[in-house]
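Participant: Sharing a sequence plus its predicted fold:
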Amino acid sequence: MSLNSFNYKIPLHIRFADIDLFGHVNNAVYLTYFEIARSSYWSEVIQWNWNEMGIIIGRSEINYLKPIGLKDQILAYVRTSRIGNSSFDLEYALVKTYNGAEEICTTGQTVCIAFDYNQNQSLPIPEAQKLKMQMFEALEV
């Protein structure tokens, strides 16, 4: 995975509660890190209209490459990699930063589904948000 394919990143702060008995971030916490990154991405880049449409996660995947510890400085990269009719994929990379260099520690993906909670069903991705994903990521639909 190349970080050059990502246009969005945010710093993440590791909490003491994230650390397990072995001194590294517990495997379950990585999904929370992905959630923080995608929530920020949706808010800042996609400007998802939560009053119009919700999102549910259909599938999550995590690839643990290197452990992350309490004192590590990490960044979360996120990008839309695929846009369908009612679903889209987000890819993630968590990296440690040290002396200006970045080392990929974790990669992952989620399948996100546009969901109308009032109708209790998936619906097409709203056009405004689909266009923002396409434009920001330079994707074809």
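Facilitator: Good, I have the coordinates.
Participant: Only C-alpha atoms from now on, for both contacts and neighbour counts.
Facilitator: Fine.
Participant: Can you show me the CA trace of stretch 6-18 as CSV?
Facilitator: Coordinates of the C-alpha atoms in stretch 6-18 are reproduced here as CSV (Å, rounded to 0.1, in the frame of the first residue of the first chain):
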residue,chain,number,x,y,z
PHE,A,6,-4.2,9.0,0.3
ASN,A,7,-5.3,12.6,0.3
TYR,A,8,-6.4,12.8,3.9
LYS,A,9,-4.8,12.1,7.2
ILE,A,10,-5.3,13.0,10.9
PRO,A,11,-3.2,12.5,14.0
LEU,A,12,-4.5,10.1,16.5
HIS,A,13,-3.8,10.2,20.3
ILE,A,14,-3.1,6.9,22.1
ARG,A,15,-4.7,6.6,25.4
PHE,A,16,-3.4,4.6,28.3
ALA,A,17,-6.6,2.6,28.2
ASP,A,18,-5.8,1.5,24.6
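Participant: That one: how far from the chain's middle?
Facilitator: 11 Å (Cα atoms, centre = their mean, to the nearest Å).
Participant: likewise stretch 49-65?
Facilitator: On Cα atoms, centre = their mean, the centre of stretch 49-65 falls 8 Å from the chain's centre.
Participant: what residues are up against the closest residue to residue 30 other than its chain neighbours?
Facilitator: The shortest distance from residue 30 to any non-neighbouring residue, by Cα to Cα, 6 or more residues apart in numbering, is to residue 62 (7.8 Å). Contact partners of residue 62, counting by Cα atoms under 8 Å, 6 or more residues apart in numbering, are 30, 106, 107, 108, 109.
Participant: All set now, cheers.
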